[in-house]
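Q: The following block contains a protein sequence and its predicted model.
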Amino acid sequence: MSKIRIYELAKEINISSKELIKMLGEEFNIIVKNHMSVIEEEDAELLKEFFEEKDKDNEENNYEKKEVKPKDKKNKSKNKEDDDEDEEVIIEIEDTITVKELSEKMKKPTTEVIKQLIFMGVMAGINQEIDFKTAEKLAEKFNCIVIKKEDNSAVAEDELYNEEDEQDEKGVKRPPVVTVMGHVDHGKTSILDAIRKEKVTATEAGGITQHIGAYTVDINGEKVTFLDTPGHEAFTSMRSRGAQITDIVILVVAADDGVMPQTEEAISHCKAANVPIIVAINKIDRPGANPDRVKQELAERDVVPEEWGGNVICVPVSAHTKEGLDSLLEMIILTAEIQELKANPDRNSKGTVIEAKLDKRRGPVATLLVQNGTLNVGDSVIVGSTYGRIRAMFDDKGKKIKSAGPSIPVEILGLSEVPAAGDRFHVVKDEKTAREMADKRKEKIRTEYLQSTHKVSLEDLYSQIKEGKIKELGIIVKADVQGTVEAIRQSFEKLSSEEVKVRVIHGAVGAITETDVMLANASNAIIIGFNVRPDTNANMLAEKEEVDIKTYRVIYDAIEDIKDAMVGMLEPDYKEVVLGRAEIRQIYKISSVGTIAGCYVQNGKITRNSQVRVIRDGIVIFESELASLKRFKDDAKEVATGFECGLSIEKFNDIKEGDIIEAYEIQEIKKKEI
């Protein structure tokens with residue numbers, strides 16, 4: 001997580017470092033030692049919001065005040081001295097500096113500087129050099145800040161975790177947060193049941209997880225928090241909102257089934273989030289179980305087990321017989337120890353909304369994961385663009401509690417509205433502050449919505465590269481066969497240049513789905529499809545989230561388009577517009593005419609002159625034109641949503657029930673002026 005120095009933040013919000021240090025302690029319960037301490041970027045942003053609101057109030061108050069008479073010269077002079085005294089001077093030096101040079105930089109008499117050095121127990125003449133630490137302590141006495149010349153623009157990596165930096169960095173060990181992911185029916189919830197020794201699956205419809213659950217369990221005296229997700233969409237949705245809540249992912253793969261499409265999706269999501277994976281090879285007690293085959297399939301997808309020279313831990317387990325579960329838990333604890341997860345329980349709390357709902361009896365209810373600090377009943381919180389004061393708090397067993405520390409999930413009551421999953425929460429001074437900040441955020445969201453900026457697309461890729469907005473172009477590849485996916489992956493990644501790296505973050509066989517769009521949205525990627533189409537839900541979500549989807553029949557065309565987009569030459573002359581989709585529900589074979597499809601128009605419209613493609617299981621099998629379009633026995637120019645029709649396709653009779661007919665047209669686009 002990125003951090004910022006106190007003196008840099010003080011400069012941004014136009015106050016002295018001393019004032020800022022005092023403010024952090026009093027308003028936010030964040031204790032820092034000096035101007036060189038660091039705080040997290042998230043805390044810095046919250047502080048900026050707080051100051052903007054405060055400045056606004058001050059401006060309004062000053063406007064209402066009467067004009068004050070000017071003071072006499074003596075007072076003016078005194079005030080000027082006070083102003084000078086409060087003004088901070090930032091000085092860049094090397095490892096050492098002479099007393100004379102430092103005096104000049106601080107704009108202080110040399111005699112005063114030498115006198116102060118004597119008080120510090122340092123005997124030094126005018127031309128004698130003093131080291132950085134001595135200069136830093138001396139400068140503090142004169143309200144100046146000394147920084148190393150090479151560290152002016154950025155915080156040195158090795159200094160971020162200096163023990164003397166700040167209280168947050170001296171946090172205590174916290175429990176790891178573990179998310180369980182994998183293909184449906186591979187035993188995700190069953191493994192959690194076995195770990196928690198509580199039956200969850202039996203209470204859920206069809207044995208499939210219906211909601212996000214958060215549970216804290218004790219493992220040999222160590223606490224571990226598990227998140228049980230209904231799918232990868234929730235994981236990615238949270239990440240797209242800036243909520244990185246998971247420390248470790250348990251990837252569940254059935255030993256008798258192997259790597260499946262959702263397993264591949266989970267791997268792509270974990271890699272994009274840069275989260276360590278532990279593979280639980282489940283159902284080893286089943287006939288036909290083959291853990292080695294699973295490892296081979298994982299290795300083919302760049303998830304290489306430790307015993308094969310990789311860095312991914314694979315543990316054979318059985319949720320049914322409990323075999324291997326102790327080893328899995330041991331690996332979780334070991335991985336957490338290597339990560340050295342820490343948090344500071346003595347600061348104001350912050351964290352993430354896991355889920356939220358509106359309860360008819362209790363009002364807005366939110367499940368929060370505390371990530372730092374301690375959350376208490378009575379705390380005032382800002383949660384995304386809503387706020388409130390915590391009236392009651394419950395743990396994962398439904399028991400009422402008064403406080404919760406880092407990595408602990410809780411359910412809270414008292415918010416003004418229902419927040420969204422993935423929203424960040426922060427404890428602030430009082431409810432008035434929380435309300436004002438929430439109102440300001442709502443206004444900002446409204447403004448951003450009205451002036452929404454598009455995500456990355458091939459059409460504006462070059463301009464975003466030049467503006468420095470894009471350093472890496474993420475691509476999701478979907479195709480009709482696996483060989484095509486691999487060929488495209490290699491071809492695209494060879495297009496990387498010094499300015500932008502091209503990276504295929506996910507590649508798979510099949511139609512473009514909502515999950516692909518969610519991953520693209522979270523990773524600011526584009527989707528490239530070969531001989532496959534997005535389904536209706538994926539299309540709607542892509543339009544809503546402004547995710548760019550491009551479909552091709554020829555690999556070369558896609559490579560050329562991306563290459564041209566990167567050098568600013570892509571100017572599409574034509575645009576494909578999908579008019580509508582119809583499902584074939586019945587087949588009629590007429591000897592003199594051919595095969596007629598009885599269809600139901602699902603969305604949009606089918607027009608007589610439109611071009612069509614036949615889609616089977618998400619894969620394009622044929623493209624042509626309509627030979628006929630009828631409503632009952634009459635010819636029709638178009639058939640709208642919700643109506644039935646009969647149609648035949650030019651030079652194609654191999655249609656089946658369940659096939660989708662997609663009607664589209666090619667529209668000419670005027671070239672952009674240069």
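A: Cool, got the structure. Only a predicted model underlies this, so the values are computations on that prediction, with no experimental measurement involved. Residues are numbered from 1 along each chain as shown.

Q: Let me see the ranges of the strands in the stretch 151-300 of the chain.
A: Taking DSSP state E, counting those that start in this stretch as the test, the strands found in the stretch 151-300 of the chain are 172-173, 177-182, 213-219, 222-228, 248-254, 277-282.

Q: what packs against the second one?
A: In this structure, strand 177-182 makes packing contacts with helix 188-196, strand 222-228, helix 232-240, strand 248-254, helix 261-273, judged by 3 or more Cβ pairs under 8 Å, 6 or more residues apart in numbering; DSSP states H and E. For the C-beta atoms, the positions are set from N, CA and C on the backbone; glycine is no exception.

Q: so which of these gets nearest residue 324?
A: Residue 324 lies closest, by Cβ to Cβ, to one member of the helices and strands packed on strand 177-182: helix 188-196, at 10.0 Å.

Q: Any idea how far the closest one is from the middle of the chain?
A: Centroid displacement of helix 188-196 relative to its chain, using Cα atoms, centre = their mean, to the nearest Å, is 27 Å.

Q: what's the single longest strand in the protein?
A: If you go by DSSP state E, the chain has its longest strand at strand 574-590.

Q: Mean pLDDT for the strands of the stretch 151-300 of the chain - can I get that in TSV?
A: Listed next are these as TSV, based on pLDDT from 0 to 100:
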stretch	mean pLDDT
strand 172-173	89
strand 177-182	87
strand 213-219	80
strand 222-228	85
strand 248-254	91
strand 277-282	92
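
Q: Make a markdown table out of these and add mean neighbour count.
A: Output for these, formatted as a markdown table (neighbours: other Cβ atoms under 10 Å):
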| stretch | mean neighbour count |
| --- | --- |
| strand 172-173 | 13 |
| strand 177-182 | 26 |
| strand 213-219 | 18 |
| strand 222-228 | 20 |
| strand 248-254 | 24 |
| strand 277-282 | 25 |
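
Q: Using CSV, lay out the ones you listed together with distance to residue 437.
A: Formatted as CSV, the strands of the stretch 151-300 of the chain follow (distance: least, Cβ to Cβ, whole Å):
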stretch, distance to residue 437
strand 172-173, 29
strand 177-182, 26
strand 213-219, 26
strand 222-228, 28
strand 248-254, 33
strand 277-282, 37
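
Q: among these, which is nearest residue 496?
A: Across these, residue 496 has its closest neighbour in strand 277-282 (25.3 Å, Cβ to Cβ).

Q: hang on, the earlier thing: is it possible to export the helices and strands packed on strand 177-182 to CSV including distance to residue 528?
A: CSV is the format used below for these (distance: least, Cβ to Cβ, whole Å):
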stretch, distance to residue 528
helix 188-196, 30
strand 222-228, 31
helix 232-240, 19
strand 248-254, 26
helix 261-273, 15
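
Q: quick one on the thing from earlier: who's in contact with the longest strand of the chain?
A: The contact list for strand 574-590, computed with Cβ atoms under 8 Å, 6 or more residues apart in numbering, reads 536, 539, 551, 595-607, 610, 639, 641, 645-647, 655-669.

Q: Show the average pLDDT along it.
A: Mean pLDDT, strand 574-590: 88.

Q: Using CSV, list the CA coordinates for it.
A: Taking Å, rounded to 0.1, in the frame of the first residue of the first chain, the C-alpha atoms of strand 574-590 are listed here in CSV:
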residue,chain,number,x,y,z
TYR,A,574,-17.0,1.0,-39.8
LYS,A,575,-18.8,0.0,-36.6
GLU,A,576,-20.9,-3.1,-36.0
VAL,A,577,-24.3,-2.5,-34.3
VAL,A,578,-26.2,-5.5,-32.9
LEU,A,579,-29.9,-5.1,-33.7
GLY,A,580,-31.3,-8.0,-31.7
ARG,A,581,-31.2,-11.7,-30.7
ALA,A,582,-33.7,-14.5,-31.3
GLU,A,583,-33.7,-18.0,-30.0
ILE,A,584,-34.6,-21.0,-32.2
ARG,A,585,-37.3,-23.0,-30.5
GLN,A,586,-38.5,-25.2,-33.3
ILE,A,587,-37.2,-26.6,-36.7
TYR,A,588,-39.3,-27.1,-39.8
LYS,A,589,-37.8,-28.9,-42.8
ILE,A,590,-39.6,-28.1,-46.1
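
Q: Give the pairing partners of it; include direction for each.
A: Strand 574-590 pairs in its sheet with strand 594-607 (antiparallel), strand 660-668 (antiparallel), by DSSP bridges.

Q: Out of the strands of the stretch 151-300 of the chain, which is closest to residue 313?
A: strand 277-282 (4.9 Å).

Q: just for the stretch 1-150 of the chain, where's the confidence low?
A: For the stretch 1-150 of the chain, the stretches with pLDDT under 70 are 1-2, 53-88, 149-150.

Q: What segments of it are helices?
A: 6-12, 17-28, 41-64, 73-86, 99-106, 110-119, 132-141 (DSSP state H, counting those that start in this stretch).

Q: ok, now the stretch 501-650 of the chain?
A: Per DSSP H, counting those that start in this stretch, the stretch 501-650 of the chain carries helices over the ranges 514-523, 536-545, 555-566.

Q: Flag every buried residue along the second one.
A: Within helix 536-545, the residues that qualify as buried are 538, 539, 541, 542, counting by 16 or more other Cβ atoms under 10 Å.

Q: Repeat that for stretch 13-26.
A: So for stretch 13-26, counting by 16+ other Cβ under 10 Å, buried means 13, 15, 16, 17, 18, 20, 21, 23, 24.

Q: Skip the chain neighbours and tell me the closest residue to the fourth one.
A: It stands for residue 17. Leaving aside its sequence neighbours, residue 17 sits nearest to residue 35 (Cβ to Cβ, 6 or more residues apart in numbering; 4.0 Å).

Q: What residue in this structure is the furthest from its centre?
A: residue 592 (58.5 Å; Cα atoms, centre = their mean).

Q: Can you report how many residues neighbour residue 559?
A: Neighbourhood size, residue 559 [other Cβ atoms under 10 Å]: 17.

Q: do the one 3 residues further on as well
A: Here the count is done by other Cβ under 10 Å, and residue 562 has 21 residues near it.

Q: pretty sure it contacts residue 504?
A: No - if you go by Cβ atoms under 8 Å, residue 562 and residue 504 don't touch, sitting 11.2 Å apart.

Q: show me where pLDDT drops low in the stretch 201-350 of the chain?
A: 201-213, 228-243.

Q: Repeat the analysis, applying 50 as the threshold.
A: Applying pLDDT under 50 to the stretch 201-350 of the chain picks out residues 201-212, 242.

Q: For residue 486, find the nearest of the helices of the stretch 501-650 of the chain.
A: Checking these against residue 486 by Cβ to Cβ gives helix 555-566 as the closest, at 11.4 Å.

Q: For that closest one, output the C-alpha coordinates as CSV.
A: Only the C-alpha atoms of helix 555-566 are listed here, as CSV (Å, rounded to 0.1, in the frame of the first residue of the first chain):
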residue,chain,number,x,y,z
ILE,A,555,-6.3,-13.3,-35.6
TYR,A,556,-4.2,-11.0,-37.9
ASP,A,557,-7.0,-8.3,-37.8
ALA,A,558,-6.9,-8.2,-34.0
ILE,A,559,-3.1,-8.0,-33.9
GLU,A,560,-3.1,-5.2,-36.4
ASP,A,561,-5.8,-3.3,-34.6
ILE,A,562,-3.9,-3.3,-31.3
LYS,A,563,-0.6,-2.4,-33.0
ASP,A,564,-2.3,0.5,-34.7
ALA,A,565,-4.1,1.6,-31.5
MET,A,566,-0.7,1.7,-29.7
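
Q: What is it packed up against?
A: When contacts are defined as 3+ Cβ pairs under 8 Å, 6+ apart, helix 555-566 packs onto helix 461-466, strand 472-479, helix 482-493, strand 525-530, strand 549-552.

Q: any chance of the buried residues of stretch 13-26 in JSON lines, with distance to residue 397 too?
A: Below are these laid out as JSON lines (distance: Cβ to Cβ, whole Å):
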{"residue": "13", "distance to residue 397": "43"}
{"residue": "15", "distance to residue 397": "45"}
{"residue": "16", "distance to residue 397": "48"}
{"residue": "17", "distance to residue 397": "45"}
{"residue": "18", "distance to residue 397": "46"}
{"residue": "20", "distance to residue 397": "41"}
{"residue": "21", "distance to residue 397": "40"}
{"residue": "23", "distance to residue 397": "38"}
{"residue": "24", "distance to residue 397": "35"}
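
Q: Nice, that's everything, thank you.
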